[in-house]
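Chemist: coords please:
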Amino acid sequence: MRREYIIFIILLWILAEGCAENGVEESELAVTPAETPVVPAEVPQAPAEIVENPENYTSNQTPVENVTVPETEIPAEPKTVEVKIEDFAFNPDSVTISPGDTVRWTNLDLFTHKVTGPDFSSGTLRDGDSYGFTFTREGTYRYYPQFDSSH
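Modeler: Below you'll find the model as predicted:
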């Protein structure tokens with residue numbers, strides 16, 4: 001039964017990849033929440049990345065998740081927000097952070113995954129691996145799940 005489930009998941013993923021490459025426009029798939037301009041407090045000049053077990057990555061994925069950095073008037077202490085990758089999905093599927101906050105994605109699936117965005121890439125995350133990125137500017141950031149079929 002488990003073997004049939006895994007085969008079904010792989011076939012479903014291949015079907016989804018085929019649809020994404022056959023004329024489906026990014027604008028049809030992307031869910032973009034309302035964006036609010038943000039005036040950031042003092043923030044570091046360059047993003048800090050926390051990488052555990054990175055490998056090569058390619059970016060041709062359609063965005064499905066977003067990180068929104070809201071307006072803030074009082075600078076808060078930086079925080080780390082945990083996002084789990086379970087059952088081929090993010091949990092929670094979106095987070096709201098402030099400039100200087102870090103989002104850490106942890107893969108809890110048996111399959112390898114990658115998390116990518118316009119300014120960052122996790123590389124391959126195996127079961128139990130984590131990747132963190134510190135957002136230094138205000139804005140809405142899309143991040144993408146990428147099932148890695150090569151492992």
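Chemist: how about the helices of this protein, start to end?
Modeler: 2-21, 26-29 (DSSP state H).
Chemist: Average pLDDT for the longest one, rounded please.
Modeler: Read it as helix 2-21. Average pLDDT, helix 2-21: 64.
Chemist: Counting neighbours, what do you get for the closest residue in space to Gly128 that isn't next to it in sequence?
Modeler: In this structure, Gly128 finds its nearest non-sequential neighbour in Asn107, 6.8 Å apart by CB to CB, 6 or more residues apart in numbering. No exception for glycine: its C-beta is placed from N, CA and C like everyone else's. The local packing of Asn107 (other CB atoms under 10 Å) involves 26 other residues.
Chemist: And Ser121, by the same measure?
Modeler: For Ser121, the neighbour count with other CB under 10 Å is 22.
Chemist: next one: Thr140
Modeler: 17.
Chemist: wait, doesn't it sit right on Thr68?
Modeler: Yes: at 4.9 Å, Thr140 and Thr68 qualify as touching, with contact defined as CB atoms under 8 Å.
Chemist: before we move on, back to that, residues contacting the residue nearest to Gly128?
Modeler: Ile85, His113, Leu125, Arg126, Asp127, Gly128, Asp129, Ser130 (CB atoms under 8 Å, 6 or more residues apart in numbering).
Chemist: beta partners for Ala89?
Modeler: Glu86 (DSSP bridges).
Chemist: Quick check, pLDDT for the residue nearest to Val115 when sequence neighbours are not counted.
Modeler: The spatially closest residue to Val115, leaving aside those adjacent along the chain, is Ser122, at 4.2 Å (CB to CB, 6+ apart). On pLDDT, Ser122 comes in at 90.
Chemist: Could you report the neighbour count for Leu110?
Modeler: So Leu110, with other CB under 10 Å, has 8 neighbours.
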